[in-house]
Every structure is written in structure tokens, then in C-alpha cells.
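>>> Using only what follows, build the 3D model:
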Amino acid sequence: MTDLFSMFDPSSSIMNLSFNWLSTILGMLIIPLYFWFMPSRYIIIWNKLMSGIHNEFKIIVGQNGSMGTTLIFVSLFSLILFNNFMGLFPYIFTSTSHMVMTLSLALPLWLSFMIFGWINNTMHMFAHLVPQGTPMVLMPFMVCIETISNIIRPGTLAVRLAANMIAGHMLMHLLGDIGPSVNSSILSILIIIQLALLMLESMVSIIQSYVFAVLCTLYSSEVN
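Take a look at the predicted model:
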């Protein structure tokens, strides 16, 4: 490695064929098989989880949301969750730690929301630029602030997901590098810390995929 961040560089290849993003589409290859399997406990638990998240997203979108809109965000949650967990396995490229992946998910969604809102609900979008109860003097400043906060939304979505994935992986990598240079007593403590960090990263993977999907759902509910 040339520096610490080079651990996230896409460098996996066989015969000059890049296999870095193979883990990203691996889940898409597995999903069709579930329609041919007998329902197991894991599939039933997963279906219960997706049904609960779908009902929660329906409440956020509200009655004015388009039919089937929540299915987009449930699929988005599943995709990010799968890639976050795949990044926890050794020697697997963590795609969600790269802005190319996260911004490719956030920017098209935000752009589609903005285009839909400004074309179909123009007055509603103008009303969002000025919060209710704002004094007349502060209205120009509030419009500027709300416009800037609206524009940076895809960037904050992308940076939040990528930064959280990078932080945990980097900490585990730093602790793993000092393993060969310590004695056996400290090594056992180090292994326990690594296992605790792995459990923490598993929870972060779930939370960050949920936060990303919920924020996208909230942004979509504002344009209706």
C-alpha cells in the first residue's frame, strides 16, 4: 500500500479482467433463485423484515405518494445492506465506501425528485423554500439557505454512507496491522476488540442502509 486509503483501491483482477464490482451484482444473481426455493426460516424472516420496512416507508410517503414508490426504497435498502455486509468479508471489495457507488445511488434519485416536483408541484416546491412563520426581512436569506441545503442533499447522502464504511474498515485495518508485532497476551485482547468492532460494523451496515433509504423516502415525500 502506498498509503492507508489505498486499502480501498479497486485492485482485484484476473487476467486483466476487473472483478472489483462483481460483489455488487452478486446479490442480483442470487435473488431470482429465491422464487424457486421452498420458504425457509431465513426467507420468512427476511420477508417479514421487508414487509415491516415497506409499511414504514408507506407511512413516510403518505397518501399522496405514487403507488409502488416505496418498493424503490425497499430495493435501495436491500442493495446497500447487501453491499455493506459483503464489504465485511476478507478480500472483498467494499463498493459502498466509494463515492462512485454512493453518489450514483443518491444523485439520480434526488434529481428525479427535483424534476418531478418542479414540473408537477411548482408552487409546493416554492413554498418549501420559505419556512412557515419566517419574517419578511429574512425571506431572501432563507431562500438562499434552503436552496443550498437542497442542492447538497445528494452529496451529504453519498458522503455519509461512504465515510461510515471507510471509518470502521480503516480502524479494523489499523488494529490488524499491529497483530504480528505484539505478544500472545495482547494478541488475545486484540482479537476480542476486532470481534467487537466486527459486530459494531455489522450494526453500522444495517443502520446506514436504513438511514440512506429513509432520507430518500423523506426527500420524495416533500415533492408530493
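>>> elements contacting the longest helix along the chain?
Ranked by number of residues, the top helix in the chain under DSSP state H is helix 184-222. When contacts are defined as 3 or more C-beta pairs under 8 Å, 6 or more residues apart in numbering; DSSP states H and E, helix 184-222 sits against helix 41-61, helix 69-86, helix 99-120, helix 153-177. Yep, even glycine has a C-beta here, placed from its N, CA and C like the rest.
>>> same thing but at 10 Å, please
Using 3 or more C-beta pairs under 10 Å, 6 or more residues apart in numbering; DSSP states H and E, the elements in contact with helix 184-222 are helix 41-61, helix 69-86, helix 99-120, helix 122-128, helix 153-177.
>>> who's in contact with Leu129?
Residues near Leu129 by C-beta atoms under 10 Å, 6 or more residues apart in numbering: Met139, Met142, Val143, Cys144, Ile145, Glu146, Thr147, Asn150.
>>> what do you get if the cut-off is 6 Å, keeping everything else the same?
Val143, Glu146 (C-beta atoms under 6 Å, 6 or more residues apart in numbering).
>>> now do Ser202
Contacts of Ser202 by C-beta under 6 Å, 6+ apart: none found.
>>> try it again with 7 Å
Leu88 (C-beta atoms under 7 Å, 6 or more residues apart in numbering).
>>> Could you report the distance from it to Thr69?
Separation of Ser202 from Thr69 (C-beta to C-beta, to the nearest Å): 29 Å.
>>> still on that earlier bit, now do the longest helix of the chain against helix 153-177, angle only.
170 degrees (axes from the mean of the first three to the mean of the last three C-alpha atoms, to 10 degrees).
>>> can you pull the buried residues of helix 184-222?
197, 201, 204-205, 208-209, 211-217, 219-221 (16 or more other C-beta atoms under 10 Å).
>>> then stretch 149-159 to PDB, C-alphas only?
The C-alpha trace of stretch 149-159 is given here as PDB (Å, rounded to 0.1, in the frame of the first residue of the first chain):
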ATOM      1  CA  SER A 149     -29.300  22.800   1.700                       C
ATOM      2  CA  ASN A 150     -31.400  21.200  -1.100                       C
ATOM      3  CA  ILE A 151     -28.600  21.200  -3.600                       C
ATOM      4  CA  ILE A 152     -26.100  19.500  -1.200                       C
ATOM      5  CA  ARG A 153     -28.500  16.700  -0.300                       C
ATOM      6  CA  PRO A 154     -27.100  14.100  -2.700                       C
ATOM      7  CA  GLY A 155     -23.600  15.000  -1.600                       C
ATOM      8  CA  THR A 156     -24.500  14.500   2.100                       C
ATOM      9  CA  LEU A 157     -26.200  11.200   1.400                       C
ATOM     10  CA  ALA A 158     -23.200   9.900  -0.500                       C
ATOM     11  CA  VAL A 159     -20.600  11.200   1.900                       C
END
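>>> That one: which residues count as buried?
For stretch 149-159, a neighbour-count test (16+ other C-beta under 10 Å) marks Asn150, Arg153, Pro154, Leu157, Ala158 as buried.
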